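Colleague: One predicted model, sequence on top.
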Amino acid sequence: MAPKDIVYVNGAFVPRAEARVSVEDRGFVFGDGVYEVLRIINGRPFAARFHNERLRRSLEGIRISLAGKETPESLTEIGRHLLEENGLLQGEATMYMQVTRGAATRAHNFPPPEIQPTVYISVARFTPYSDLALNGASAITHPDLRWGRCDLKTLNLLPNILASQAAKERGTFEAMLIRDGVVTEGTKTNFFGVLDGTLRTHPCDDHILPGITRSILSELARELNVDLEETPIQASEIPLLSELFLSGTTTDVMPVVTLDNKPVGNGKPGEVTRKLQRVLAESLASGGD
Ligand code: PDD
């Protein structure tokens, strides 16, 4: 029997192929909404507390209020139900949660208060990038053309999409975004580098998404007594990096061994990268928080 593929849209559990939203939905017309991606291991959302907190912050950041008694936590509960419905309680999966400002006649300003947000939740089987994680990936540098509130996880991903496609067309895994001469993050990941023995990553400000994996790794690095500085890597420092890796819900710790066709360090995943890869895998396996 083919696995079920049920999604949740605005209060209804429906087969994915039958799920519908209005053509006037502001997510469709304006990209006016926010989202979260959670990692699921054996039916359990990893670090759900942090994802719910970030969803709440993104919603507040773009001034969307969930309807009635809905909360990020109740949406995650709906996602858990979808895991059950779709037979995804064993093994790896992802959960996608999206909230838009709802469907209304097109106007740039907000719709009238009676318009309810559109909520869409879906789950899918997930296979981690195990081979790449073992051998290391390649990346390119690319200008960061995004807006001034990259800390909010909004649907407006056009600069990310274009940079990600540029990376793909160059046969690489990710684009490292550079704004005003500093490395900010990737199109769907945060970047960490090792320079003179110190692990460095961009501080959490308006120019990066406060990655959940980034924050878990920062904690794990502290526990391992790895020297970590939240100081941006300057583009001019890139040739001096001995290690480079990216982090994200669907990428875990991914070593970057080639950047713009040049080897990073000795061209192999480095020691700090390997250590953090190992402890994050342990944390995922144990269910995290
Ligand atoms: N992306 N930076 C950006 C721009 C991202 O979109 C993401 C996540 C991250 C990593 O954050 P976290 O560790 O919380 O996943 C950093 C998700 C996975 C996506 O858009 O599919």
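Modeller: Sure, I can see it.
Colleague: just the helices in the protein please.
Modeller: Per DSSP state H, the chain carries helices over the ranges 26-30, 48-61, 72-85, 130-135, 158-169, 212-223, 271-286.
Colleague: Out of those, which gets nearest to the ligand?
Modeller: Ranking the helices of the chain by proximity to the ligand (Cβ to the nearest ligand atom) places helix 212-223 first, at 3.2 Å. Every C-beta, even on glycine, is put in place using the N, C-alpha and C of the backbone.
Colleague: what sits up against that closest one?
Modeller: 47, 50-51, 54, 190, 192, 199, 201, 228, 230, 247-249, 251-253, 276, 279-280, 283, 288 (Cβ atoms under 8 Å, 6 or more residues apart in numbering).
Colleague: hang on, the earlier thing: would you turn the helices of the chain into a markdown table with mean pLDDT and mean neighbour count?
Modeller: Listed next are the helices of the chain as a markdown table, based on pLDDT from 0 to 100; neighbours: other Cβ atoms under 10 Å:
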| stretch | mean pLDDT | mean neighbour count |
| --- | --- | --- |
| helix 26-30 | 98 | 19 |
| helix 48-61 | 98 | 18 |
| helix 72-85 | 98 | 18 |
| helix 130-135 | 95 | 12 |
| helix 158-169 | 98 | 16 |
| helix 212-223 | 98 | 19 |
| helix 271-286 | 97 | 17 |
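Colleague: Sketch out the low-pLDDT regions of this structure for me.
Modeller: Residues of the chain that meet the criterion pLDDT under 70 lie in 1-2, 288-289.
Colleague: What parts of it come near the ligand?
Modeller: By Cβ under 6 Å from any ligand atom, the residues of the chain that approach the ligand are 37, 185, 188-190, 209, 211-214, 247-250.
Colleague: So which of the residues you listed is the closest to residue 161?
Modeller: Among these, residue 188 lies closest to residue 161 (Cβ to Cβ), at 10.0 Å.
Colleague: Just to check, that closest one is in contact with residue 247?
Modeller: No - Residue 188 is beyond contact range of residue 247, at 10.5 Å (criterion: Cβ atoms under 8 Å).
Colleague: who's more crowded, those two?
Modeller: More crowded of residue 188 and residue 247, by other Cβ atoms under 10 Å: residue 247, with 26 against 20.
Colleague: Where do the strands of the stretch 151-289 of the chain begin and end?
Modeller: All strands of the stretch 151-289 of the chain, identified by DSSP state E, counting those that start in this stretch, fall at 174-179, 182-186, 190-195, 198-201, 228-229, 243-248, 252-259, 262-263.
Colleague: Distance to residue 126 for the ones you listed - can I get that in TSV?
Modeller: Output for the strands of the stretch 151-289 of the chain, formatted as TSV (distance: least, Cβ to Cβ, whole Å):
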stretch	distance to residue 126
strand 174-179	18
strand 182-186	19
strand 190-195	19
strand 198-201	25
strand 228-229	28
strand 243-248	12
strand 252-259	11
strand 262-263	30
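Colleague: looking at these, which is buried most?
Modeller: Of all the strands of the stretch 151-289 of the chain, strand 243-248 has the most neighbours on average by mean count of other Cβ atoms under 10 Å, namely a mean of 26.
Colleague: Centre of the chain to that strand, how far?
Modeller: Counting by Cα atoms, centre = their mean, to the nearest Å, strand 243-248 is centred 13 Å from the centre of its parent chain.
Colleague: and if you look at stretch 115-128?
Modeller: Offset of stretch 115-128 from its chain centre (Cα atoms, centre = their mean): 14 Å.
Colleague: Return the set of buried residues in it.
Modeller: Of all the residues in stretch 115-128, those buried under the rule 16 or more other Cβ atoms under 10 Å are 115, 116, 117, 118, 119, 120, 121, 122, 123, 124, 126.
Colleague: got it, and stretch 139-156?
Modeller: Buried-residue list, stretch 139-156, by 16+ other Cβ under 10 Å: 139-142, 144, 146, 150-156.
Colleague: Out of those, flag the one nearest to residue 4.
Modeller: Once Cβ to Cβ is applied, the member of these that ends up nearest residue 4 is residue 155, at 26.4 Å.
Colleague: Can you report how many residues neighbour residue 266?
Modeller: For residue 266, the count of nearby residues is 10 (other Cβ under 10 Å).
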